[in-house]
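**Q** what would the 3D arrangement of this be:
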Amino acid sequence: MSEIMAKIYPVKWYMDAPRRTLLDELESALHNWMIKLPDELRYHEIGSRTPPPPHVLVLHAEYYSALLLLYRALCVSMSLDILSSC
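**A** Prediction:
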């Protein structure tokens, strides 16, 4: 999450790469991280009658919070593009 904050929401924009490229790279890194999780840290909704341990739930909550933070930047930049074309 700190990488998202540093690259997508910096205090002063200094990156040469387009924002969309950074978003794609960070999204890919997050998905790869989730895919590589060991099975005991995965959350299986289907077929499980017992809830996972709290540390697994918190891990997944952090993952989805990072995705929301990432996609929020995309939505804001898309809406600014729409407004500037009017």
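**Q** in the helix or strand hosting residue 6, what's buried?
**A** Per DSSP states H and E: residue 6 is located in helix 2-8. Neighbour-count burial for helix 2-8, counted by 16 or more other Cβ atoms under 10 Å, picks out 4, 7-8. Any C-beta I mention is one placed from the backbone N, CA and C, and that applies to glycine too.
**Q** repeat that for stretch 17-26.
**A** 22-23, 26.
**Q** nearest to residue 45 among those residues?
**A** The closest of the buried residues of stretch 17-26 to residue 45 turns out to be residue 26 (Cβ to Cβ; 25.1 Å).
**Q** SS state for the closest one?
**A** helix (DSSP: H, G, I helix; E, B strand; the rest coil).
**Q** by contact count, what packs against the top helix by length along the chain?
**A** Ranked by residue count and defined by DSSP state H, the top helix of the chain is helix 54-84. Applying 3 or more Cβ pairs under 8 Å, 6 or more residues apart in numbering; DSSP states H and E, we find helix 54-84 packed against helix 2-8, helix 19-35.
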